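Peer 1: Okay, structure incoming, though there's no sequence with it:
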């Protein structure tokens, strides 16, 4: 080992504009590998530090988090030409000035820490591992695809390797899976399966909210807690790659979405049903309706945020996003999400049309016929929403139900399926029996004379 950086100090006092600490280090020519070690005492939601490593060109080479409970932590990044720890990228170690970024994820008091970086021997080149060809498009007629858009592996703060998440998704009967590890694309090399459609995704994890980025071709700089790099920069990069941006768990305490500079006309998706967010989901649906009423065509999706597929409380398949797609590959799922014929399922199935126009489409104003198909293994009711307000409660569960309405436009209709309470007065279901606990499915809007635009 050759010492390249050694720091033993204390975090500064918290400040509103203090989000990162940076340490440069000079790596001499011929260094085979680098080992970074960050040590500190984790105090839940008070002192939590992450580390990231960047090469002289500014390229991301790795990230390490601090999952688990409080106590002493020793976080390690190792990168060389032929190996890397989870969340990191192997490759040549160029000489020059590298940078360590300490991300002060929770910084509510000063606290001691140590940081070291050393050169190490690395490993010899191994025989190449056979890599299976990525799953090709499934030649079939357009159909519904069930999937999961929010999960984590060992490459960030998950408990399982990528392969176990893929296996769990198959067991749950899913067609597609997005593993959205925080900050990193290190898990992409493990995305290989003959049966499942796998999306190249990652999670932007800022100090003022989280967002999933789907359908990427290269790593995206997600460190937006600095004035020279904003959410607008991120959305432009993602869209240039043909990807989609999804705002996550918008009311989740310290992880709530408080990026008030958000260009909502550039946000594609929003989580409206999160397996572990409970009553926060009611607020998320309320935010969604406000965005829709303001003319933002943001598609509602769901997610489990699974960190451990063996834990029944977060197992895959309990909240699914169901997408009508023209083809069975990553591009097909992304295009299907953008088209908006999408519903979120928590135990029921649904579809909706307005004058024959499916979800995501645009119907003409005037007298319209709204038809909702809802199927469930329990008694359910269909809530029809017009421009954020309850229009009607209809019986559902065994086929198509509907009603007529007159709308001068522009606006939108959408529908939700809820468990029907036994014996309760239906006049009060809008307030007492339509919440996160009763939700079984939620569909995306049919628009009335509304077009989406990006600027």
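Peer 2: Sure thing, it's come through. Just so you know, these numbers come straight off a predicted model, no measurement behind them. Numbering: from 1, shown residues only.
Peer 1: Could you use CA atoms for every contact and neighbour count after this?
Peer 2: Noted.
Peer 1: Any buried residues in the strand ranked longest in the chain, and which?
Peer 2: Criterion DSSP state E: the longest strand present in the chain is strand 366-386. Of all the residues in strand 366-386, those buried under the rule 16 or more other CA atoms under 10 Å are 368, 370-376, 380-386.
Peer 1: What is the longest helix of this protein by residue count?
Peer 2: helix 280-293 (DSSP state H).
Peer 1: which element follows it toward the C-terminus?
Peer 2: Where DSSP states H and E defines the elements, the next helix or strand beyond helix 280-293 is strand 299-303.
Peer 1: got the angle for that next one vs helix 280-293?
Peer 2: Taking axes from the mean of the first three to the mean of the last three CA atoms, to 10 degrees, one finds strand 299-303 and helix 280-293 inclined to each other by 160 degrees.
Peer 1: Contact partners for the closest residue to residue 369 other than its chain neighbours?
Peer 2: When the adjacent residues along the chain are set aside, residue 369 lies closest to residue 404, with 4.6 Å between them (CA to CA, 6 or more residues apart in numbering). Listed by CA atoms under 8 Å, 6 or more residues apart in numbering, the contact set of residue 404 reads 367, 368, 369, 370.
Peer 1: give me that answer again for 10 Å
Peer 2: When the contact criterion is CA atoms under 10 Å, 6 or more residues apart in numbering, the partners of residue 404 are 354, 355, 367, 368, 369, 370, 371.
Peer 1: With residue 268 instead?
Peer 2: Contacts were defined as CA under 10 Å, 6+ apart; by that measure residue 268 touches 213, 235, 239, 243-247, 296-300, 337-338, 340.
Peer 1: got it, and residue 208?
Peer 2: Under the criterion of CA under 10 Å, 6+ apart, the contact list for residue 208 reads 105, 224, 225, 250, 254, 255, 256, 257, 258, 259, 260.
Peer 1: Just the buried ones from the contacts of residue 268, in ChimeraX syntax?
Peer 2: Buried subset of these, written as a ChimeraX selection, criterion 16+ other CA under 10 Å:
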select :213,235,239,243,244,245,246,247,296,297,298,299,300,337,338,340
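Peer 1: Among the contacts of residue 268, which one sits closest to residue 183?
Peer 2: For these, the closest approach to residue 183 (CA to CA) belongs to residue 213, at 10.2 Å.
Peer 1: which stretches of the stretch 101-250 of the chain have low pLDDT?
Peer 2: For the stretch 101-250 of the chain, residues meeting the criterion pLDDT under 70 lie at 122-140.
Peer 1: Show me where it has its helices.
Peer 2: Per DSSP state H, counting those that start in this stretch, the stretch 101-250 of the chain has helices spanning 162-171, 231-240. These are given in chain order.
Peer 1: Leaving out the residues flanking it, which one is nearest to the residue nearest the centre of the chain?
Peer 2: Centroid check for the chain by CA atoms, centre = their mean gives residue 212 as the closest residue, at 3.1 Å. Take residue 212 and drop its neighbours on the chain: the residue closest to it by CA to CA, 6+ apart is residue 203, 4.3 Å away.
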